[in-house]
Structures are given as structure tokens and as C-alpha cells.
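K.L.:
Below is the sequence, then the predicted model.
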Amino acid sequence: MKIPTGGRVSLNITKMTRRDLSIVLSTAIYRVLKEKKEAIYHNIVLKDNNQTKTINLIAKPFDEPTTRQQLVMLQFEEVRSAPQTLYETELYDVSKSASQRIIDLEQELQYSRENLQATIEELETSNEELQATNEELLAANEELQSTNEELQSVNEELITVNSEYQLKIKELTDLNNDVNNSPYAVVDLLVTDLQS
């Protein structure tokens, strides 16, 4: 692994490792996370200046119970002699693994595109429904404004009619008071009393 110097620090392990190890490392991590089982690659050749080293890479699933994250534990072993294995392993072929990784990435990309397209279609449908609802609300609002104007007009007419009635009541009250206060009203009252 390389220690980052200057610039931006990346915690992406494939960017922190050597180029000749990053493909096998990303393939192992992807495989462990996808298949949820250990992946072992043998006889990975690393070249450093004039020296060559051969290593084995063991990647294991590791669950972190507190965060519930899926983690991958990586183990590097330097090969000192001919490997003898007791369990099924896989020799790492860079071109085969790179091809498989490309195929896997293309499948993921296709899946992401399909999901994105479905999401876009859902959003377009929702947008159309929202526009239709908005138009209905605007029409209802216009109807309510029209009804409000009609009610204001009716209210003004009622105020006018009420004022006219108040004026008529006042006139009738004044006439009634005039009649009651008139001397003829007293005479009529006496005549009526005398007749009964």
C-alpha cells in the first residue's frame, strides 16, 4: 500500500494500492460483497524495480455488528515456496479477471440505467399528475373567486335593500307617532270608546 503524499487523501483502498494489485483487489472485494463468501487468489506477481514477488490474496466477508456494515477483511501472504492448498482456490489471471470485472461493471451499469429510466418515468408521471391537479386547483380557485364576487354583489344588494327598509320603517314610525300625537286620533279614540 502507498501512503498518500500531498493533495487529496483518498480512503479508497484500490487507489491506495499499487496498480498491479488494484484490479485483483477490486475484483476480490466486489466478489466477496456480491457472493458473501471468501475469495482466494494465488500467485499474484508483483514487480518492484528489478525484483518480483509472488503473493496470495485472501478476501473474507466481515460483518460489523454495531454498524451493520458489510466489510471485507483482506489478507496478503507472500509465497515462499510452491503453494499447497487444502481448499478450493483460484489462480489469478489478470486478463480473465479484468474481463469478468468489466462484464460485472457493465451489468451494474445496465441495471443502474434501467433503474434510472424507471425513476425518470415515475417522476414524469408524477409531474403530469401534479400538473393536472394544479390545473384543477386553479380552475376551482377561479370558480371560488367568481362565487366570492357574486356573493359580494348580493351582499351589497342586501345592504341597499336593508337601508331602504330601515328608511321605510323610520317613515312608518314617524307617521305612527304623528297619528298617535294628532288631536284627531284622540277624538277618534273617544268616539270609539263611546260607541262601545
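P.N.:
Happy to help now that I have it. Numbers count the residues shown, from 1 in each chain.
K.L.:
residue ranges for the helices of the chain, please.
P.N.:
All helices of the chain, identified by DSSP state H, fall at 13-16, 19-35, 94-181, 183-195.
K.L.:
got the buried residues for the longest strand anywhere in the chain?
P.N.:
The longest strand of the chain (DSSP state E) is strand 51-64. Neighbour-count burial for strand 51-64 flags 55-59 (criterion: 16 or more other Cβ atoms under 10 Å). The way it works is simple: take the backbone N, C-alpha and C, and place the C-beta from them, glycine included.
K.L.:
quick one: low-confidence parts of the protein?
P.N.:
For the chain, the stretches with pLDDT under 70 are 1-10, 81-95, 97, 182-196.
K.L.:
Swap in 90 and give it another go.
P.N.:
Applying pLDDT under 90 to the chain flags the ranges 1-36, 39-55, 62-72, 78-115, 118, 171-196.
K.L.:
Quick one: neighbours of the closest residue to Ser22 other than its chain neighbours, just the number.
P.N.:
Closest residue to Ser22 apart from its sequence neighbours, by Cβ to Cβ, 6 or more residues apart in numbering: Thr14 at 4.5 Å. Using other Cβ atoms under 10 Å, Thr14 is surrounded by 15 other residues.
K.L.:
Hmm, Leu25 and Thr14 touching each other?
P.N.:
Yes. Counting by Cβ atoms under 8 Å, Thr14 touches Leu25, with 5.6 Å between them.
K.L.:
Not counting sequence-adjacent ones, nearest residue to Arg31?
P.N.:
Ala39 (4.6 Å).
K.L.:
List the beta-bridge partners for that neighbour.
P.N.:
Ala39 has these beta-bridge partners by DSSP bridges: Ala59.
K.L.:
which residues sit in contact with it?
P.N.:
Going by Cβ atoms under 8 Å, 6 or more residues apart in numbering, Ala39 touches 28, 31-32, 58-59, 90.
K.L.:
which one of these is nearest Leu175?
P.N.:
The closest of the contacts of Ala39 to Leu175 turns out to be Val32 (Cβ to Cβ; 106.3 Å).
K.L.:
I'd guessed the closest one sits against Glu38; true?
P.N.:
Yes. With contact defined as Cβ under 8 Å, Val32 counts as touching Glu38 (7.0 Å).
K.L.:
burial count for Arg31?
P.N.:
Other residues near Arg31 come to 21 when the count uses other Cβ under 10 Å.
K.L.:
so it makes contact with Pro61?
P.N.:
No. Look at Arg31 against Pro61 with Cβ under 8 Å: they stay out of range, at 10.2 Å.
K.L.:
Distance of Asn180 relative to Leu123?
P.N.:
Between Asn180 and Leu123 the distance is 82 Å, computed by Cβ to Cβ, to the nearest Å.
K.L.:
try Ser112
P.N.:
Between Ser112 and Leu123 the computed distance is 16 Å (Cβ to Cβ).
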